[in-house]
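> this one's sequence-less:
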């Protein structure tokens, strides 16, 4: 366990070689156990999922794409059950160790992928991000992580949770690897040109702890120096709490639709809070969903207005670094809400986001995120690379 | 598994000898995994319960009482998680086989105790009954089973669920053993005198399937012949559905109070429907609980009026025999409601009830129950014995 940070699903370490002579030849990767790997069960973080689904015969699109580019797959990593969690605590398969903050959660749901990369077990790893599942572990484990523009990456063979928010993402320890992998999965070269305007999201920073704001300030300053023109603005003038409420209405209800037939048929074992949240999602009234759909439209409009080409916005990826493992739900639940409040814009509007490492609070990593207009994924990666090169 | 009907908690078969020369010397018994046995973890049907509670150093009162009377304890039996279920399906430890109806559920939550007795692995077994957890498996497995007067049997060392409804109960295959064990646990000889008036609960029979009513008719006729005066009446003129609703308000809310601190601290693994029901119990409003408490008072008054000394009432223990294993929740939940509707009077009013075997529907057992005034436990056992002796 200590050797591999408990990052891999038990029994799911193996080696599948990549195609020779590709842009990622020489790199290794792991896949979150939400991605199909031909011949291995897709577990989804729950012992009753694999048992009740056929073993896939085809690799997921993202797995195949990395293999085709030359990377070698070394195993499947632990996820929060059904990707329904952002702490990374899995009582069935074990909670991966956070290599950068032992005793603290790795963040989830792409917990094992983040732990494997942060622990140096592989160069990159596939995750998924619906409500923060790449961004949160990237922040907590001190990694580069991307949530691409929603709908841009083919999600074939990726277990779905809430389709209108689900995305494929990936992690890396260094900007160079992050850039290489991003170019392959995005299918677009990462050009040198950078945005010319940076917005610092005042309302988002207001959600972070003072220590986190202070820790991120040097990275923000450096980013501002790189971009040039810096201004402050609100990400969500109508309220980040309202955006979060809308996302936490739409996403869980979609998750309920995704899983209800399986829950009915299998009555699976689940962690209490996962089952509790699914059950309460079933009861979300149409009136609340109707309101949330309108908020989503407004939020998308706000993003178009706020982020024209050449403009990016920065915000704390998470309001604080990783929590201690095993906190009671009465402590965790409100903190969970605060974290997802800083993530809600992703699922709600579909804009791309890159989390950049570089700050720590009491020795524990916390990330700075940049977002841009839909489709600006490669530009965000270029910013992350340029920031690293600036040294 | 096939040899022992999967009745015992894995690893929990052992032997603790009873005191020599007692009234139960020569008999063997098993204890539901809700009863403390010194030196063995009390699991409560859930892998995270034992892990988070100390191993008991003292036998539960009921266990000690049977040992003192000479019976030998042979192991601990599988229960629905936290006793929150009446089907007997446990995905963590396995669902005991129903020895009398293979492929069908044993009934729960005292599932393993019923399976062990029905399968001839022991002579008697301890169960608990809060909302039907002895009565339902007694009916489904074709056993004698008793839910004693609430508050009569010392519940020290028995894991609590809903204290104002929780009782200790027990099973036997034959009337003679049932009588012997009952005399010991009740601490009262089972006299020969029988009640003189039998009420057939018309409204309760209306909840049973036609096949079940037909199958039980010969037992009802024989019982009527034994008692003498027979009449029809309503068990709950204000509605069995209302009684059931009241019980399903009071009991789950008490269960929530019993388990909420543990759920918060441990965030345990649970079967989806168990977690779902606990979560929804947390949301039961005070107004609903207030109504339910009034219905409980009325029901207790009704029982006092209906069941003076010398009068017993009979009803189907369950509305039908055991369901097939693995039915989806959408099928099970409404059937579950029908079953608990026939059980609600127990927790609501605290009257004693004995389920008597003897009928089958398509080869599967179904029980006839008799209830009497609070404290008439031994009289009900005497009726069961006399009915068996009548041949």
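All right, it came through fine. All of these numbers come straight from a predicted model, not from anything done at the bench.

> from here on, contacts and neighbour counts on C-alpha atoms
Fine.

> Next secondary structure after the longest helix along chain A?
Secondary structure of chain A per DSSP state H: the longest helix is helix A:240-266. Downstream of helix A:240-266, the first helix or strand assigned by DSSP states H and E is strand A:269-271.

> what helices or strands is that next one leaning on?
strand B:269-271 (3 or more C-alpha pairs under 8 Å, 6 or more residues apart in numbering or on different chains; DSSP states H and E).

> ok so, going back, close to chain B, is the longest helix of chain A?
Yes - using C-alpha under 8 Å from any C-alpha of the partner chain, a contact is recorded between helix A:240-266 and chain B, made by A:263, A:264, A:265, A:266.

> Report pLDDT for the residue in the stretch 101-250 of chain A positioned nearest to chain B.
Proximity of the stretch 101-250 of chain A to chain B (C-alpha to the nearest C-alpha) peaks at residue A:105, 14.9 Å away. Residue A:105 is assigned a predicted lDDT (pLDDT) of 98.

> about what we covered before: where neighbours are concerned, which of the residues of helix A:240-266 next to chain B has the most?
Within those, residue A:263 tops the neighbour count with 21 neighbours, counted by other C-alpha atoms under 10 Å in any protein chain shown.

> Kindly report the residues of the stretch 251-391 of chain A close to chain B.
Checking the stretch 251-391 of chain A against chain B by C-alpha under 8 Å from any C-alpha, the hits are A:263-273, A:275-276, A:279-280, A:326-330.

> Check which helix or strand the nearest residue to residue A:230 once chain neighbours are set aside maps to.
Computed as C-alpha to C-alpha, 6 or more residues apart in numbering or on different chains, the closest residue to residue A:230 that is not its neighbour in sequence is residue A:198, at 4.8 Å. Under DSSP H and E, the secondary-structure element containing residue A:198 is strand A:197-201.

> Quick one: list the elements packing against that strand.
helix A:210-227, strand A:229-233, strand A:311-316.

> any chance of those in CSV, with mean pLDDT too?
Below are the helices and strands packed on strand A:197-201 laid out as CSV (pLDDT from 0 to 100):
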stretch, mean pLDDT
helix A:210-227, 98
strand A:229-233, 98
strand A:311-316, 98
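
> and the ones you listed, which is most packed in?
Among the helices and strands packed on strand A:197-201, ranked by average contacts under mean count of other C-alpha atoms under 10 Å in any protein chain shown, first place goes to strand A:311-316 (a mean of 25).

> which of the residues in the longest helix of chain A are buried?
A:240-260, A:262-264, A:266 (16 or more other C-alpha atoms under 10 Å in any protein chain shown).

> quick one on the thing from earlier: list the contacts for the residue nearest to residue A:230?
A:224, A:227, A:228, A:229, A:230, A:231, A:311, A:312, A:313, A:314 (C-alpha atoms under 8 Å, 6 or more residues apart in numbering or on different chains).

> any idea how far it lies from residue A:320?
22 Å (C-alpha to C-alpha, to the nearest Å).

> Sketch out the low-pLDDT regions of chain A for me.
A:1-2 (pLDDT under 70).

> Tell me where it has helices.
Using DSSP H, helices in chain A cover A:47-51, A:61-68, A:111-118, A:135-141, A:175-186, A:202-205, A:210-227, A:240-266, A:272-282, A:286-306, A:329-349, A:377-390.

> The fifth one - contacts with which helices or strands?
For helix A:175-186, the contact count by 3+ C-alpha pairs under 8 Å, 6+ apart identifies helix A:61-68, strand A:124-129, helix A:377-390 as packing neighbours.
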